[in-house]
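Enquirer: Model the following, please.
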Amino acid sequence: MIKKIAASIAEALSDIHDGATILIGGFGTAGIPGELIEGLIEQGARDLTVVNNNAGNGDTGLAALLNAGRVRKMICSFPRQTDSQVFDALYRSGKIELELVPQGNLAERLRAAGAGIGGFFTPTGYGTSLAEGKETRVIGGKPYVLEYPLHGDVALIKAERGDRWGNLTFRKTARNFGPVMATAAKRTVASVYEIVELGDIDPEIVVTPGIFVHRIVRIPRVATQAAGFRMAGRP
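Expert: Below you'll find the model as predicted:
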């Protein structure tokens with residue numbers, strides 16, 4: 001019987017190795033799998049390459065992982081914002097590497113990895129320092145830059161509901177990079193607020209099919225989140 005439900009976060013993350021490339025879903029704080037990141041800190045893997053839209057907010061979540069000294073390299077679109085002090089300090093002191101990728105290119109590189117595409121040409125970045133050392137080509141009179149897929153060893157994503165086969169649904173903008181990262185990684189671990197019986201999720205609304213998910217773990221919905229939904233008039 002297929003059952004991808006992990007008893008704990010520690011169990012779900014137990015085999016992440018040093019030097020792994022970790023794809024972490026989230027757009028700022030929306031959809032960030034905070035509980036899984038905390039579990040990764042406790043698990044102890046280091047020398048990691050982390051792919052995320054940004055490079056952490058405040059001093060929790062991804063910023064806490066950076067501050068713990070576990071990350072060798074960040075691949076992201078927006079490494080700096082008003083509360084990116086942890087990344088800023090590490091980068092200025094030469095303690096972390098950065099690969100800057102325009103947001104559309106980041107999404108497409110992940111999609112290409114999941115779709116088995118060997119590379120693609122994009123006009124984004126042409127004529128800038130981001131294109132240095134990369135192959136360029138003029139197609140139809142327009143210049144393009146060659147970009148390659150972005151594969152991960154493990155994807156850590158946050159979903160809303162899941163079943164024992166690993167089928168997932170997401171809540172609104174919390175969906176962001178999670179689905180495409182699940183296809184681009186060798187293994188995907190998803191946190192969910194609710195685990196339901198097979199058949200309770202209409203196949204028509206499954207966003208990430210279980211074939212792309214290896215472990216799911218249930219996390220509690222904290223009171224402040226639930227209150228925030230009610231205050232906004234949401235279910």
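Enquirer: Run through who's touching the lengthiest helix in the chain.
Expert: When secondary structure is assigned using DSSP state H, the longest helix within the chain turns out to be helix 103-115. Contact partners of helix 103-115, identified using Cβ atoms under 8 Å, 6 or more residues apart in numbering, comprise 23, 51, 53, 75-78, 101, 117-120, 122, 124-125, 147-152, 177, 180-184, 212. Placement of C-beta: from N, CA and C, glycine included.
Enquirer: Apply 7 Å and report the result again.
Expert: Taking Cβ atoms under 7 Å, 6 or more residues apart in numbering as the criterion, the residues outside helix 103-115 that touch it are 53, 77, 101, 120, 122, 124-125, 147-151, 177, 180-181, 183-184.
Enquirer: And stretch 57-75, by the same measure?
Expert: If you take Cβ under 7 Å, 6+ apart as the criterion, stretch 57-75 is touched by 24, 28-29, 32, 34, 37, 40-41, 45-52, 55-56, 83-84, 86-87, 90, 96-99, 101.
Enquirer: The residue of the chain positioned farthest from its centre and P123: what is the separation?
Expert: The centre of the chain is farthest from one residue, G141, which by Cα atoms, centre = their mean lies 35.3 Å away. Look at G141 and P123: by Cβ to Cβ, to the nearest Å, they are 11 Å apart.
Enquirer: Model confidence for A232, exactly?
Expert: A232 carries a pLDDT score of 39 in this model.
Enquirer: how near is A63 to G118?
Expert: In this structure, A63 and G118 are 34 Å apart, going by Cβ to Cβ.
Enquirer: Low-confidence bits of the chain, can you list those?
Expert: 223-235 (pLDDT under 70).
Enquirer: Show me the helices in it, by range?
Expert: Assigned helices in the chain, in chain order: 9-12, 34-43, 62-67, 85-92, 103-115, 178-184, 223-231 (criterion: DSSP H).
Enquirer: Check the burial of R221 by counting its neighbours.
Expert: 12 (other Cβ atoms under 10 Å).
Enquirer: check contacts around the closest residue to it other than its chain neighbours.
Expert: Counting by Cβ to Cβ, 6 or more residues apart in numbering, Y193 is the residue found nearest to R221 once chain neighbours are left out, at 4.8 Å. Taking Cβ under 7 Å, 6+ apart as the criterion, Y193 is in contact with E160, I219, R221.
Enquirer: Verify the contact between the first one and T173 for me.
Expert: Going back to what we said before, that points to E160. No: when contacts are counted by Cβ atoms under 7 Å, E160 is not listed as touching T173 (11.7 Å).
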